[in-house]
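Novice: Provided below are the primary sequence and the corresponding predicted coordinates.
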Amino acid sequence: MSRILGFQNWIKVASGTMQRGASEKRGERPSLWRDFERFCFPSVCRNCRRNLDPMNSEDRWCSECRIEIAGRTRQFCGRCGAVLALLSGHEAEGGRLERNPPPMINSGCCYCQHLAFPFQDVVSVGNYEGRLRRAIMRVKSSLDEPLMFGLAEEMAERIEAQHWFARLDGIVAVPSYWLRRLKRGFHVSDWLATSLASRWNCPYFHGAIGLNRATRKQGLLTMRQRRLNLKHAMRFRNQPRHEGAKVKEVLLVDDVMTSGATACEATRVLKKHFCEVVHVAVIARGVRGDSVSFRRVSVGG
């Protein structure tokens with residue numbers, strides 16, 4: 001049953017994306033095929049597979065998933081991308097604030113104020129917890145394309161809101177060891193980077209960074225062990241398609257960032273051989289829940 005729902009959702013996402021792109025180019029209304037697709041395959045949440053409002057086919061999430069995954073009622077750290085506060089106030093339909101949220105904290109937060117990062121900043125969709133955590137775990141265990149489409153779109157919207165977005169010269173994905181890729185059958189970071197590059201028509205430097213050796217899984221190590229595990233583990237691949245490329249600012253894409261060891265090592269390699277400034281984008285920011293408890297503040301006083 002889950003495979004049937006997944007196939008229906010995939011058909012909806014694919015046809016909706018194609019029709020939306022064609023309608024935007026020609027300025028036309030949606031075709032009869034889209035109405036037929038809505039009737040045959042009702043809208044479902046890309047995360048929990050609940051039925052959505054059939055009149056609004058642009059919805060990606062149900063109300064609960066929208067608040068936890070795609071809600072805008074949050075304040076981010078502009079340096080490490082962690083969610084610092086859940087904002088309360090007058091909300092519009094769908095859990096979105098009618099007023100603009102307070103500015104991001106760019107000087108560092110309790111999660112990153114004692115850390116030195118070689119990259120410029122981090123953009124994330126949310127913290128690695130709740131429904132977002134379960135969504136990432138499902139994507140990493142089996143390639144759920146509709147869910148991946150939804151997470152990639154949320155990432156893109158967060159990145160497009162940054163002041164440096166227009167200056168990006170290319171996209172690079174965090175590498176994965178070839179044996180691990182072969183065993184899993186896909187690479188989440190590569191999939192995300194390809195999706196973002198296609199959305200923005202931006203150069204994607206595929207395979208710009210490689211791994212010298214097989215590393216231990218970062219999630220099973222302590223903070224100090226994670227840094228030692230990746231020390232000098234990455235290298236820059238000076239391939240012909242990368243030579244002569246005028247690159248100043250690049251976007252480094254990964255699925256989850258916890259300690260920042262992987263992003264720091266990849267940034268070190270990129271800044272040494274390829275570019276000057278590195279911005280990091282992840283789906284989720286892994287933070288320890290005992291560091292600080294979320295505080296709820298009001299918007300507009």
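Specialist: Thanks, I have it.
Novice: so Lys140 belongs to a helix, correct?
Specialist: Yes. Under DSSP: H, G, I helix; E, B strand; the rest coil, Lys140 falls within a helix.
Novice: the residue nearest to it when sequence neighbours are not counted: neighbouring residues, count only.
Specialist: Nearest residue to Lys140, sequence neighbours excluded (CB to CB, 6 or more residues apart in numbering): Val188, at 5.8 Å. Backbone N, C-alpha and C define where each C-beta goes, glycine included. Using other CB atoms under 10 Å, the number of residues around Val188 comes to 22.
Novice: Val188 and Arg49, how far apart?
Specialist: Per CB to CB, to the nearest Å, Val188 is found 20 Å from Arg49.
Novice: quick one, helices of the protein?
Specialist: Using DSSP state H, the helices found in the chain span residues 2-26, 32-40, 63-65, 130-141, 145-160, 178-184, 188-200, 223-230, 261-273.
Novice: could you pull up the mean pLDDT of the longest one?
Specialist: Predicted confidence along helix 2-26 averages 45 (mean pLDDT).
Novice: now swap in the fifth one and tell me
Specialist: Mean pLDDT, computed over helix 145-160, is 91.
Novice: likewise for the second one?
Specialist: Along helix 32-40, the predicted local confidence has a mean pLDDT of 61.
Novice: the last one too?
Specialist: The predicted model assigns helix 261-273 a mean pLDDT of 93.
Novice: and that helix with helix 223-230, angle?
Specialist: Following axes from the mean of the first three to the mean of the last three CA atoms, to 10 degrees, one obtains 40 degrees for the angle between helix 261-273 and helix 223-230.
Novice: now do the buried residues in helix 261-273.
Specialist: Ala261, Thr262, Ala263, Cys264, Glu265, Ala266, Thr267, Arg268, Val269, Leu270 (16 or more other CB atoms under 10 Å).
Novice: check contacts around Leu52.
Specialist: Contact analysis of Leu52 by CB atoms under 8 Å, 6 or more residues apart in numbering lists Pro42, Ser43, Val44, Cys45, Asp59, Cys62.
Novice: quick check: phi and psi at the last one.
Specialist: When you say that, I think you mean Cys62. When read as degrees, to the nearest 10, the backbone of Cys62 gives phi -80, psi 180.
Novice: grab the nearest non-local neighbour of Thr258.
Specialist: Gly286 (3.4 Å).
Novice: so that neighbour is in contact with Asp255, correct?
Specialist: No. The pair Gly286 / Asp255 is not scored as a contact, 10.1 Å apart, by CB atoms under 8 Å.
Novice: re the thing from before, just name the closest of the contacts of Leu52 to Glu276, please.
Specialist: Nearest to Glu276 among these is Asp59, at 40.1 Å by CB to CB.
Novice: you'd agree that closest one is up against Ser43?
Specialist: Yes. Asp59 lies in contact with Ser43 (CB under 8 Å); the separation is 6.1 Å.
Novice: neighbour count winner among the two?
Specialist: Set side by side, Asp59 and Ser43 show more neighbours around Ser43, with 22 against 18, by other CB under 10 Å.
Novice: next one: that one from Pro146, what distance?
Specialist: 11 Å.
Novice: can you list the weak-confidence ranges in the stretch 201-301 of the chain?
Specialist: Applying pLDDT under 70 to the stretch 201-301 of the chain flags the ranges 239-245, 288-301.
Novice: Gly81 against Phe119, yeah?
Specialist: No. Here Gly81 does not reach Phe119: they are 10.7 Å apart, not a contact under CB under 8 Å.
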